[in-house]
Structures are given as structure tokens and as C-alpha cells.
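Participant: Give the three-dimensional model of this entry:
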Amino acid sequence: MDVPEPGGHPAVLVSNRQDLPLDEGALIALARATLVGEGLPDAELSVSFVNEAEMADLHVRYMDEEGPTDVLSFAQDEDGLLGDVVICPAVAARNDLAHPDAELRLLLVHGILHLLGHDHEADEEKARMWALQERYSGVVAP
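Facilitator: Numbers count the residues shown, from 1 in each chain. Got it, this is the predicted structure:
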């Protein structure tokens, strides 16, 4: 797949700081489609793919929880920047050994939806968020 134009809209800035292969172009296109689908065609989003050590550091620093996690979202909402989604592909791959690419799609959309204020604490909120995740990622979450 061709990598989308860097200056396209919505703007999705990617930093890949880990070693596992991933299709950046497809993930950028998915992030853009999610943002447009949620009514944010002019948004700017940062997406970082990190190794387990970096994710573990972020997880303990910002969530006070030990060990790496699969995805974290950091809202910015200033100067057009929606925020940052940080994904650890190594943890994602362990979440779904048979379909690691699908898991990355699901986590990217999950992180974006959190930036947009969606949550999954209450059953009704979870049902809405899971439906949106499935719509955009094409992946059914457990």
C-alpha cells in the first residue's frame, strides 16, 4: 500500500520507535478515516509505536501501573492537536497471536476514541465504544 501524503488531512504524524514490521500507510489511512468519520477532518494526531521498555516507562509514569500495556492515549486539544496515541506492537501481537495487524488496527481506533472522550467503564459506554471500534477497524473486540 502506498504511504499517504504526509501533509494530508486529517494530519497524522507517526513516530515508529520499535523494530516489529507494521504497515504505517494503512494505519495512517485508518486514523484519518476514523477522524473524518467522527467529524474531525482538520484534526492533527500524533501516533507513536514504541518498544516494551518505553511503554512500561510510560505506563508506570502516567498510570502508576507496572509493565507494558498495549495502548495509551494522551489528550492535548490545543492548537489543533487532538493528542497522542502510543501503541506497543509487541504487546499487541501477544494480545492476538493469529492476527497482530488486526489488533494494531483495533488499538489505534481504541486510542483515538479515548482522545475523543469515549470510555468503556459503564456497560452502555462500552457498547457504544466497541461498536465504533468495529465500524472503523473492522475488528470485533472481545
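
Participant: hmm, who's touching stretch 40-57?
Facilitator: 9-19, 22, 27-28, 31, 35, 58, 66-69, 72, 80-91, 108, 111-112, 115-116 (C-beta atoms under 8 Å, 6 or more residues apart in numbering). Heads up, the C-betas are built off the backbone N, CA and C, glycines and all.

Participant: Which ones among those residues map onto strands?
Facilitator: 11-17, 72, 81-87 (DSSP state E).

Participant: pLDDT value on residue 8, please?
Facilitator: According to the prediction, residue 8 has pLDDT 70.

Participant: meant to ask about residue 2, not that
Facilitator: 41.

Participant: for residue 142, same thing?
Facilitator: pLDDT at residue 142 comes out at 75.

Participant: Roughly how far does it sit from residue 111?
Facilitator: According to C-beta to C-beta, to the nearest Å, residue 142 stands 17 Å off from residue 111.

Participant: Going through the ones in strands among the contacts of stretch 40-57, which ones are buried?
Facilitator: 11-12, 14, 16, 72, 82-87 (16 or more other C-beta atoms under 10 Å).

Participant: Helices of this structure, residue ranges please.
Facilitator: 24-37, 52-63, 89-95, 100-115, 123-137 (DSSP state H).

Participant: hey, which of these is tucked in deepest?
Facilitator: Sort those by mean neighbour count, taking mean count of other C-beta atoms under 10 Å, and helix 100-115 sits at the top with a mean of 23.
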